[in-house]
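With the input below, show me the fold.
(chains A and B)
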Amino acid sequence: MDRPKRILVACGTAIATSTVVARGIEEALKERGIIVTTRQCKAAEVKSLVSDADLVVTTTQVPSDLGVPVIQSLAFLTGIGKEEVIEQIIELLKD
Amino acid sequence: MSSAISELLNPQCVVINGTFKSSEEVIRSIGQELFKLGFVKDSFVQAAIDREKVLPTGLPLAGGFNAAIPHTEIEHVIKPALGMAILKKPIIFQNMISPSESVPVSLVFLLALDQPKAQIEMLQEVASVLQNPKLVTELIGQDNVEGVLSCFED
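Down below sits the predicted model:
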């Protein structure tokens, strides 16, 4: 079996916001039978940690040339557009 | 049954009828109460204000009212706690995801967290409040602390 896909979850300080987002992603994907591992980081750390990730999900600004897909969204905090973002994550993790 | 929010939210740190001109004044008002009660260091208020300028926390919500969740690095916190403000007249915060965009905010949760990735239950409850427009509207309609606390019960 393939290793679980790795999602790097970034926010300002890697304390509060990314905790909610990481847990939200794990739970939403688990409900759909997809196991992923998440790692939280500060936005400023994304560039140095991205080589290990299949996807970046961020609630704040990150550099654009990361070499992996980036989803910038507040959906896991506010609920707005959450289903669409979950679908987008699943789509980007395929292959 | 009490929620993780109720456990960490001190009634003295719920600000309801304040008159504020800026997000800075809102953060200072709640943060000073957290400081007086010994939850945060004297550096906390300024750290939260400074962080808000660089990494803002305004969140546009569904349902018409908006929120903000200011917080700091863990070094300014002594023990975890939660403060709140209900702003009858919305105050401008900047949007977390798009800092140049202004968000008129009616509900503020000031988070004092002493470990990364900790207090997950409380954080998830805060997020589920934000995702519940009916509850947000109910909270903003409260005129006293007892009313606010009762919104988090059951």
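
check contacts around the closest residue in space to residue B:28 that isn't next to it in sequence.
Of all residues not flanking residue B:28 in the chain, residue B:45 sits nearest, at 5.4 Å (Cβ to Cβ, 6 or more residues apart in numbering or on different chains). In short, each C-beta sits where N, CA and C put it, glycine included. Applying Cβ atoms under 8 Å, 6 or more residues apart in numbering or on different chains to residue B:45 gives the contacts B:27, B:28, B:31, B:32, B:35.

Near the second one, how many other residues are there?
The one in question is residue B:28. Using other Cβ atoms under 10 Å in any protein chain shown, residue B:28 has 16 neighbouring residues.

which secondary structure elements does the strand or helix carrying it contact?
Secondary structure assigned from DSSP states H and E places residue B:28 in helix B:23-36. Judged by 3 or more Cβ pairs under 8 Å, 6 or more residues apart in numbering or on different chains; DSSP states H and E, helix B:23-36 is in contact with strand B:9-15, helix B:44-54, strand B:81-94, strand B:102-112.

and for that helix, what are the contacting residues?
Here helix B:23-36 has contacts from B:10, B:12-13, B:15, B:18, B:20, B:40-42, B:44-45, B:48-49, B:52, B:68, B:70, B:81, B:83-85, B:87, B:91-93, B:105, B:108, B:110, B:112, using Cβ under 8 Å, 6+ apart.

Next, the spatially closest residue to residue A:82 that is not a sequence neighbour: phi, psi?
Nearest residue to residue A:82 in three dimensions, chain neighbours excluded: residue A:75, at 4.3 Å (Cβ to Cβ, 6+ apart). With angles defined as degrees, to the nearest 10, residue A:75 sits at phi -60, psi -40.

now the helix or strand encompassing residue A:26 against strand B:102-112, angle please.
In this structure, residue A:26 sits in helix A:17-31 according to DSSP H and E. Angle between the axes of helix A:17-31 and strand B:102-112 is 90 degrees (criterion: axes from the mean of the first three to the mean of the last three Cα atoms, to 10 degrees).

Is chain B within reach of the next helix or strand after helix A:17-31?
The helix or strand immediately downstream of helix A:17-31 is strand A:36-42, counting by DSSP H and E. Yes. For strand A:36-42, a contact with chain B is found by Cβ under 8 Å from any Cβ of the partner chain, at residue A:40.
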